[in-house]
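J.: sequence? don't have it. structure:
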Ligand code: MCA
Ligand code: AMP
């Protein structure tokens, strides 16, 4: 039986607060009731086959959680859509996943129009009101296997379009336990939740961990001043480095009275974590100056959840991500044919939280795993270059960067340079394009497109950005577009991106 669902169903009669969202306070009992109604409505007439992909286009909050668990109770697998995605991206996700049904909440109705004629759109409010008769969350949970797919999350890779990483109930249930225990979550916690829900960090690492422990989650969109103000009512905050950057900008602009109040609120937090991208030591130290301790930094991936984490208690080191969580095995693999263990190399991971594979992509899934040189279970290849520092207590891991120059991280979102290049190349004026990430204080990496125009063609930055914006989520749209006479290439005619990055890094940094 799915432990993820069993934990949720166990709260069927729990009157305590599960979620505080912009509509009010919602008890666990009411959230479970909503999920049972959604599950019952979806299953009516045997319409859900086990593992059917059902998408959510739902605003964050209690209804989202009822919809999420409702799909799972019906035996389906959740695909999360975001209003940040323009129509072509939304359609791609649904087509790739084979989604036939999309649950839409009222604030998202307009965005759902992109899917008319592609999928059946069902109004979430109506489903939440479905009479559930004698249906019981525990009985529905009993019928769902640990090995069943629960969640398909899209992540960018080196092959262009995003891939759907399939996570089973067991993968997520194990994550809930590992992270919940490592970070000491209890029913007394209140998580201040401002992360997007279409990615692993916001959905599983933050929200499902909190709910798995019976904690309450305050869900709201990210706004630096509001986060400072709301910290007073929370015990835990989880963010990406770009959020910490913005928090400090707001702090610097605040009055003395606000700073004193905000510092006190931040200090009383039991835990503040950072992940999804490297937390610059300067940001970690600013948090220490305000609260007395650095944020707890950890390493995660869509495919594995949190794998490596600094400790809740004891030494934390700025610039390091700590040690593997229990059950997570690691190997630092060399490049040679035997992939011998080395001091600096690619991080390989295995354990029960590692995902099942990329949906419909057997070749990509095969490439993502490596056989164990000692004949054991295969390893997931993270694509991150890492090392350990034996001079520090426990020899914590340090993430040195990606093995591929085509994978970028901007504000915690993983982006594929190739996906962005493919879109820009469709523009009639573009002859050649290379997308690179340039180190940036606000975003970690700033997406820059270097474009060679077709001879005689004219095109402005604004036009090309607008073209990209119609086809890509706004956070994938290059911040800068540089028009060059040619791109640096090697003898085989391949663009030498590191050389391009070197050239761009010496240019003055734009301000936005
Ligand atoms: C927004 N913009 C961005 C980004 N976010 N550009 C580049 N990178 C971004 N991340 C664009 C907007 O479209 C807009 O463009 C301009 O920047 C200003 O937007 P603004 O409204 O100020 O931004 P925001 O909506 O407040 O977003 C900032 C944010 C957001 C809150 C930091 O980026 C965010 O939620 N990041 C979290 C991503 C995340 O959850 N990653 C987890 C992946 P324009 O001016 O052109 O309109 S999972 C993962 O990594 C693993 C599992 C792990 O370890 O956690
Ligand atoms: P995603 O595919 O969006 O789940 O992003 C996963 C990637 O985020 C990892 O492979 C790392 O490159 C990066 N990442 C996550 N946490 C950290 C961290 N604490 N420090 C550096 N990189 C990180």
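T.: Nice, I can see it. These numbers come from a predicted model, not from an experiment. Numbering: from 1, shown residues only. Ligands and ions are numbered 1, 2, ... in the order given.

J.: Enumerate every residue touching residue 458.
T.: residue 429 (CB atoms under 8 Å, 6 or more residues apart in numbering). For every residue, glycine as well, the C-beta is placed using N, CA and C.

J.: Run through the residues that contact the residue nearest to residue 470 when sequence neighbours are not counted.
T.: Setting aside the residues directly before and after it, residue 470 is nearest to residue 86 in space (CB to CB, 6 or more residues apart in numbering), at 5.8 Å. Residues near residue 86 by CB under 8 Å, 6+ apart: 114, 469-473.

J.: Quick one, which of those residues has the minimum pLDDT?
T.: Within the set of these, pLDDT is lowest for residue 114 (91).

J.: Next, that residue: secondary structure please.
T.: helix (DSSP: H, G, I helix; E, B strand; the rest coil).

J.: Contact partners for it?
T.: 86-87, 90-91.

J.: ok, of those residues, which one's closest to ligand 1?
T.: Closest approach to ligand 1 among the contacts of residue 114 (CB to the nearest ligand atom): residue 86, at 11.4 Å.

J.: With adjacent residues omitted, what lies nearest to the residue in the stretch 351-500 of the chain positioned nearest to ligand 1?
T.: Ligand 1 sits closest to residue 411 of the stretch 351-500 of the chain, with a gap of 2.2 Å, by CB to the nearest ligand atom. Closest residue to residue 411 in three dimensions, ignoring its sequence neighbours and counting by CB to CB, 6+ apart: residue 242, at 3.9 Å.

J.: next one: residue 364
T.: Leaving aside its sequence neighbours, residue 364 sits nearest to residue 358 (CB to CB, 6+ apart; 4.9 Å).

J.: how far away is the one you found from ligand 2?
T.: 12 Å (CB to the nearest ligand atom, to the nearest Å).

J.: Make sure that residue is actually in contact with residue 167.
T.: No: applying CB atoms under 8 Å as the test, residue 358 and residue 167 come out as separate, 11.2 Å apart.

J.: Okay, and the beta partners of the residue nearest to residue 364?
T.: For residue 358, the beta-bridge partners under DSSP bridges are residue 165.

J.: can you count the residues close to residue 257?
T.: 8 (other CB atoms under 10 Å).

J.: I misspoke; the intended subject was residue 235.
T.: Neighbours of residue 235 using other CB under 10 Å come to 19.

J.: start the count at 28, not 1, going forward
T.: With 28 as the first residue, the last one maps to residue 262.

J.: ok, it to residue 511 distance?
T.: 51 Å (CB to CB, to the nearest Å).

J.: Then residue 54?
T.: 58 Å.

J.: And the two? Which one has more around it.
T.: residue 54 (18 against 15).

J.: In space, what's closest to the more buried one - neighbours in sequence excluded?
T.: Leaving aside its sequence neighbours, residue 54 sits nearest to residue 42 (CB to CB, 6+ apart; 5.2 Å).

J.: I figured that neighbour hits residue 56, correct?
T.: Yes: checked against CB under 8 Å, the pair residue 42 and residue 56 is within contact range at 5.8 Å.

J.: So between those two, which is more surrounded?
T.: residue 56 (15 against 9).

J.: which residues are there in the stretch 78-227 of the chain that come within reach of ligand 1?
T.: Within the stretch 78-227 of the chain, the positions near ligand 1 by CB under 6 Å from any ligand atom are 222-223, 226-227.

J.: For the stretch 128-277 of the chain, which segments are assigned as strands?
T.: Ranges of strands in the stretch 128-277 of the chain, per DSSP state E, counting those that start in this stretch, are 128-131, 147-150, 176-182, 190-195, 217-220, 243-246, 263-266.

J.: So the residue nearest to residue 134 when sequence neighbours are not counted versus ligand 1, what's the distance?
T.: Sequence neighbours aside, residue 86 is the residue nearest to residue 134 in space, at 4.8 Å (criterion: CB to CB, 6+ apart). Residue 86 is 14 Å from ligand 1, where distance means CB to the nearest ligand atom.

J.: Surely residue 86 is in a strand?
T.: No: if the criterion is three-state DSSP, then residue 86 is coil and not within a strand.

J.: per-residue pLDDT, it?
T.: Residue-level confidence at residue 86 comes out at 97, pLDDT.

J.: And for it, the neighbour number?
T.: When neighbours are counted by other CB under 10 Å, residue 86 comes out with 19.

J.: Give the full set of residues in contact with it.
T.: Neighbouring residues of residue 86 by CB under 8 Å, 6+ apart: 132, 134-135.

J.: closest to residue 373 among those residues?
T.: For the contacts of residue 86, the residue nearest residue 373 by CB to CB is residue 135; the value is 39.1 Å.

J.: Kindly tell me how buried the closest one is, as a neighbour count.
T.: 19.

J.: I'd like the contacts of residue 86 as CSV, with distance to ligand 2 and pLDDT appended.
T.: Output for these, formatted as CSV (distance: CB to the nearest ligand atom, whole Å; pLDDT from 0 to 100):
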residue, distance to ligand 2, pLDDT
132, 25, 97
134, 25, 93
135, 23, 95
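
J.: List the buried residues of stretch 64-84.
T.: 64-70, 75, 79-84 (16 or more other CB atoms under 10 Å).

J.: how about the residues of the chain near ligand 1?
T.: Listed as neighbours of ligand 1 in the chain under the rule CB under 6 Å from any ligand atom: 222-223, 226-229, 232, 249, 267, 269-270, 302-303, 327-329, 437-441, 470, 501-502, 504.

J.: again, only using 5 Å
T.: Residues of the chain lying near ligand 1 by CB under 5 Å from any ligand atom: 222-223, 226-228, 249, 267, 269, 302-303, 327, 437-440, 501-502.
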